[in-house]
Every structure is written in structure tokens, then in C-alpha cells.
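Trainee: kindly generate the corresponding structure for this input.
(chains A, B, C and D)
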Number of protein chains: 2
Amino acid sequence: MKRVTIHDVARKAGVSVTTVSRVLNDRGYISNEMKEKVLNTIEELNYIPNEMARSFFSNQSKFIALIVPTTENPFFGELTFHVEKALAKFGYHLFICNSLNDSENEEKYLRLLNEKRVDGIIVGSHNVDISEYKNYEDQIVSIERKLTKNIPMVQSDDYNGGRLATQELITQGCTNILCVTGDKNVETPANDRSIGYVDEIEKNNYRKNFIEIPFQIDLDEKLKIIKETFQGDFKYDGVFAGDDVNAKLFLNVAKEMGYDVPKDVKVIGFDGTQSIRYLVPELSTVVQPIENLAYEAVTTLLDLLKGKKVKNEVILPVELYLSETTQGSKK
Amino acid sequence: MKRVTIHDVARKAGVSVTTVSRVLNDRGYISNEMKEKVLNTIEELNYIPNEMARSFFSNQSKFIALIVPTTENPFFGELTFHVEKALAKFGYHLFICNSLNDSENEEKYLRLLNEKRVDGIIVGSHNVDISEYKNYEDQIVSIERKLTKNIPMVQSDDYNGGRLATQELITQGCTNILCVTGDKNVETPANDRSIGYVDEIEKNNYRKNFIEIPFQIDLDEKLKIIKETFQGDFKYDGVFAGDDVNAKLFLNVAKEMGYDVPKDVKVIGFDGTQSIRYLVPELSTVVQPIENLAYEAVTTLLDLLKGKKVKNEVILPVELYLSETTQGSKK
DNA sequence: TTGAAAGCGCTAACAG
DNA sequence: CTGTTAGCGCTTTCAA
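Mentor: Alright, predicted model coming up:
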């Protein structure tokens, strides 16, 4: 069906398209009489402005891309939700890209975003050669990921989160604590979580123990890695699990192996998504301010696009949420 | 910065813009010589076609909207993920709309989608007066929601899922089974889940018991409704929970109240998202084929847009996944 | 206070 | 096989 255009409105109202445009955008001088006439005609014809034409003309798509490994993961799922909400508030729309942490995917998306002329990009993914992003320095913000010196980053206070979690385990009497990390060769503030762990462990002269579980492998593989921890004597009495999914997988394995949490081993996760807090309420965890992360990333990016000066780094505080996996049942 | 356009390429290559366009789209006759010259220039100038201009001209945004209550919910989160994947496969992009099941939001989105000229809409939301959607009958497909007679719908075999779950509970010895439903006055195939329940219960001459938990209320309110079930004597020995989130909330409350699952009461959920299967592996549930739902919805919609004849209803089979909440620990 | 006309980047008749 | 030209729907000079 043929859509009604600004010309149709102009003709019907007996005015010029310029006048209609003026009414539409509330710009320039218009007599009330004209304005009303146009408004009525718009209503009558049920005219809906064509944003594609506007975008084309103004050279602004009003789309912001969010690149994440996968929205299937609760953390990125909720992040996505809040980013969309924040963007909508400012009249922008979300263009979601699931990179699956595959650099080829990510490059394809980058090309696509370029073609689509998205106005800006928020990166929460962990891949691709940083060089690719250099070309976009004036329209990128990252979340929990350092891309280049110049690209602003928004992150949680990962270091402090690591410390809080480790401290708590120690306070609860743990002396041999395992720290689960992600890919160590990806430079991300999430690594600071283990630095926080290390600092607390060293302060107490305990032993440091690590296992590495790359984020992008599938859940069965993660399970396998965790199970290997239990081969031979399982000697840890505390686990700082890096993220909540790992933490819960760990709980599952521990249960299967007949270990009692928190009696035999205490566990603290990281992220504290709403899904986890309701679906796995027994899990103690470090809660990231996901909604704020999203909001800060969005506002920082929009400021950047406006040419404003923005902070190179925004660090938001985390909070320890304690439950049964560290404290025993609270009944 | 000024972007390089097709004109720049044409000028530099010493050809007409038509020729460049032909190369770009691989249309019409071009000599290899020309083609190569153009291709080289494109490379040299690092020319990236402006999709906004193309969309504007072709009147196709290549965006498909997905309207869901909220991607925070694991089911819709995973659905969104798979819809994006399917769309990408066919060269389309996702425009995500979180309606929060608020009809005002949903109408605002509808207006926006109209302005943005999205090519089609997939509705997985549960709100808004159906009348609103009538204007889009030729470009809408719904998932698990009947909108109008003419709008194609893709759904799981909810009825059979309800039967399977109820049967299983009965087989396991339950005689007084509670069925948790959503909003009964929203017409959705999810209601067929309780019809399946009813049919099985009646076949066995047991008592029917219902509680209603609207989807859109927040999780604390859901918890409250569930807790009320436990006021006075809790008399059920089986629960068919409508969806997995409700099921897990139920498990949490039962545990808190000192009930043993599955000894005192057996529980079966519905949805079987990957999140749930890994984060709450003990939960027995009816698994929906989420990825297929997404894929069918996308292909049906794209066919519809091409003017092809499409099925008015696609029903995909579900599968019962049995675990500890019905069968006791499997150790 | 209003309108005519140019132009955003691209594709597609149409002509050569 | 290649180029000229018009036009997609809108906004914005510029002139009246």
C-alpha cells in the first residue's frame, strides 16, 4: 500500500511541504491558523512521518549497537534489557549483536554497523583485535572491557568485589580458597576480581589457587572443568567463583559429589543478576549494579556523540549479598 | 567526518555512479575490466555503502521488531537470542521492544515501529487491545499468543505439555495436584496447558486446584501469592507450575516452609530454557523448543512479507524433562 | 510568515 | 555494455 507522504498532507491542506515540515518539527515561524490546519490534515490522513527518510537526511540512524557475547547469559541478558530501557529514554534504539565471542562474527557485525550507520557502539564483548575498534574511538563506550586508552569504559568495582568476597570467606573460616577466573589473556576489569582475591589471600598468607574457565565455552564444558577440580582429594574449603553461573555449576557438582555447602565448602559468586537472586537465592554473591552500568554507558556514549568531554573511566560500587552458601541456612 | 559516497568512487574510478551501483549490487551487464576498476577504487577509498540511503530508496528497513514483555525473563531472553540469530541468517536485524506488558508502552512502540518502517513484527507480548494489531495483519506473526484470526501464530504444543506433566505427576502417585496458571483473561495458548491438566485430572476423577499468577507482576509478588498457598494446611502432593520461574519460586518457598521435594510434594515446570536446565537442574519441566519457535516465527514472517501463503498455525512438539523434583535424587 | 527549490546517497528506467 | 537523469520523503537554505 502506498504510504501517505508529507506531500499528500501539503496538498490536502493547501500549503507547502515546508510548512508541514515546520509543524512536524515545531521549527520556524508558523501562524496558529496554518498549524492547526496542518495538524488536522495529518490526523485526517493518518500521516506517519517516515523515519527512514529523516535518518537518511539527517545522517543519524538513532540506533546504538550493543555488542555482547550472548544475551542468553543472565548478566548480558539483563544488561541488554537495561541498555534498551536507557536508550529508549533518550530516543535511541538498540541494535543488538551477539558476538558469541567469535572474532569473525564480531568483525561481520562491525562492518554491518558501519553500513547501517549506527550512531554509536557499546561494547561488552571480549574479543576481536583491539585495532578494529580504533576507527570508532569517537563513538564507542565499553562496559567491563578495556579496548584502547581513549575509549571510555564503564565498569563495576571488580577489585573491591574480589576483596569483599575473599574477605568474607576468610572471615567465615576458610583457609584454602579456590578462585575461578575467566580467560586470563583477555584484558578485562573482571581480572581485577582475582587481583582482589590475591591481595586478600596474601595478606593472610594463605595459598593461592586458580582455575580458568573461559567465558565462551558451553556450559557442559564448564561443568567438565569444574568436575576435574574434584578429582583426587578435593581440598578447598572456599570458592570465589568469578561469576554466578560458574558458582551455581560448582554448587551442582559439589552436591552431586556429596559435598555439603556451606559446611564442607563455602561459595561466593559474582554478578547478582535478578535471575540468579530469585532462581538461586541460596547463592552468596557480589552484586554488580547492572542497571547503573547500563545507564552510565548510555549517557556517557550519548555525551560523547554530542562532542562533550566524558570521563575516561567510570567505576561503580558493588555490594556483597550473603546467603546460605556462606552462612548456612538462615532458618 | 565526511563519508565517501558512491559519487566519490565513480569520480575516482572515472566511471558513472550507475556503474558503481551495478558492481555493488552485481546487477546488469558490466565488463570485467570496469568491475575490477570499480572494486579497486572501492577498496582504495574504503567505501562503505550507506544502508540508510538504500533503505530509504528501497523502502525496506530490514528491521523486524520483536515485542516481548521483558527480555529479563529467561524464556523471552532466550527467545530473543534465537530470533536475532535467525533474522541475521536472512539478512534482517532485530528491533527489540520490551513492553513490560503495559499496553501504553506497547502502543508507543507500535507507533515508533511504524515511523521506523520496520518490515515486520513478531509479537510475543500479552497485552494491548487486539484492534491495534489489525492494521498490520500482513506483516505480523505471533508467538504463543492469538492476536486475530488472520495473524499467523507459532506455538508449542501447550496442551500436550499440560497433559504430559499432569500424567507424570499422577504416575508418580500424586492425587491432589495444584495447577498454576497465568492471567486467565488473556487469550494465549499457554491456557491450553491448564486444559491439558484438566483433561488428565478429570480422567482420573481427582480434584482440580488452581492458583493464578499473572506473568507481569514482579517476582516478590509472585512469591507472596505462592506463600499464601501454604497458609493453613498445605494439602497438595503435586504442582504443575505453569512456567519454570514459578516452579522455582515454589521450590524456594517449599524449602523455606520445611517441605521435602519430591517426597512431600512433586513439582513440574514449563519452558525448559537453557538457563533453567543448568541453573536449576533439579527441576522437572516441560521443554519448549525455543530455538525452533524462533526460527519458525522468523521464516513464517519473512514468507508472509514475500507475499507467500503461510500456515495460520504452527504447533511444535514439547518434551518432558524429568529430574529430582519428581523422581527423587538420581544418585 | 510562507513557499520554491536543492540535495542527502542510492537505484532504476531509459537512452545511447 | 555504459551513462544521464529522475526521484525515493524529508529538511533547509534562500527568497519573497
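Trainee: could I get the buried residue list for the strand or helix carrying residue A:302?
Mentor: Secondary structure assignment for residue A:302, by DSSP states H and E: helix A:290-305. Using 16 or more other CB atoms under 10 Å in any protein chain shown as the test for burial, helix A:290-305 gives A:290-302, A:304-305. The C-beta positions use only the backbone N, C-alpha and C, and glycine is treated the same way.
Trainee: mind listing what's buried along the helix or strand following that helix?
Mentor: Using DSSP H and E, the helix or strand that follows helix A:290-305 towards the C-terminus is strand A:313-316. Neighbour-count burial for strand A:313-316 flags A:314, A:315 (criterion: 16+ other CB under 10 Å).
Trainee: what about the helix holding residue A:302, distance to the chain center?
Mentor: Put simply, helix A:290-305 sits 11 Å off its chain's centre (CA atoms, centre = their mean, to the nearest Å).
Trainee: residues in contact with that helix: which ones?
Mentor: A:64, A:75, A:78-79, A:82-83, A:85-87, A:90, A:92, A:119-122, A:138-144, A:152, A:154-156, A:271, A:273, A:310-311, A:314, A:316 (CB atoms under 8 Å, 6 or more residues apart in numbering or on different chains).
Trainee: stretch A:25-40 too?
Mentor: Outside stretch A:25-40, the residues that touch it by CB under 8 Å, 6+ apart are A:9, A:13, A:14, A:15, A:19, A:20, A:21, A:22, A:23.
Trainee: just name the closest of the residues you listed to DNA strand D, please.
Mentor: Checking the contacts of stretch A:25-40 against DNA strand D by CB to the nearest atom of the strand gives residue A:21 as the nearest, at 3.5 Å.
Trainee: I'd like the distance between that closest one and DNA strand C.
Mentor: Distance of residue A:21 to DNA strand C, given as CB to the nearest atom of the strand, to the nearest Å: 8 Å.
Trainee: how about the nearest residue to that residue, chain neighbours excluded?
Mentor: The shortest distance from residue A:21 to any non-neighbouring residue, by CB to CB, 6 or more residues apart in numbering or on different chains, is to residue A:6 (6.5 Å).
Trainee: and what of residue A:280?
Mentor: Leaving aside its sequence neighbours, residue A:280 sits nearest to residue A:248 (CB to CB, 6+ apart; 5.3 Å).
Trainee: wait, that neighbour sits on residue B:278?
Mentor: Yes - contact criterion CB atoms under 8 Å: residue A:248 and residue B:278 qualify, at 7.4 Å.
Trainee: so between the two, which is more surrounded?
Mentor: Between residue A:248 and residue B:278, counted using other CB atoms under 10 Å in any protein chain shown, residue A:248 has the larger neighbour count: 25 against 17.
Trainee: OK, contacts around that one?
Mentor: Residue A:248 is in contact with A:269, A:276, A:280, A:283, B:278, B:279, counting by CB under 8 Å, 6+ apart.
Trainee: how is it assigned, secondary-structure-wise?
Mentor: helix (DSSP: H, G, I helix; E, B strand; the rest coil).
Trainee: spell out which parts of chain A neighbour DNA strand C.
Mentor: Contact residues, chain A versus DNA strand C (CB under 7 Å from any atom of the strand): A:14-19, A:22, A:28-31, A:33-34, A:56-57, A:59.
Trainee: which strand or helix spans residue A:64?
Mentor: strand A:63-68.
Trainee: strands paired with that strand, and their directions?
Mentor: Strand A:63-68 has these partner strands in its sheet, going by DSSP bridges: strand A:93-98 (parallel), strand A:120-123 (parallel).
Trainee: residues from the stretch 201-331 of chain A in reach of chain B?
Mentor: Listed as neighbours of chain B in the stretch 201-331 of chain A under the rule CB under 8 Å from any CB of the partner chain: A:219, A:245, A:248-249, A:252, A:256, A:258, A:274-276, A:278-281, A:331.
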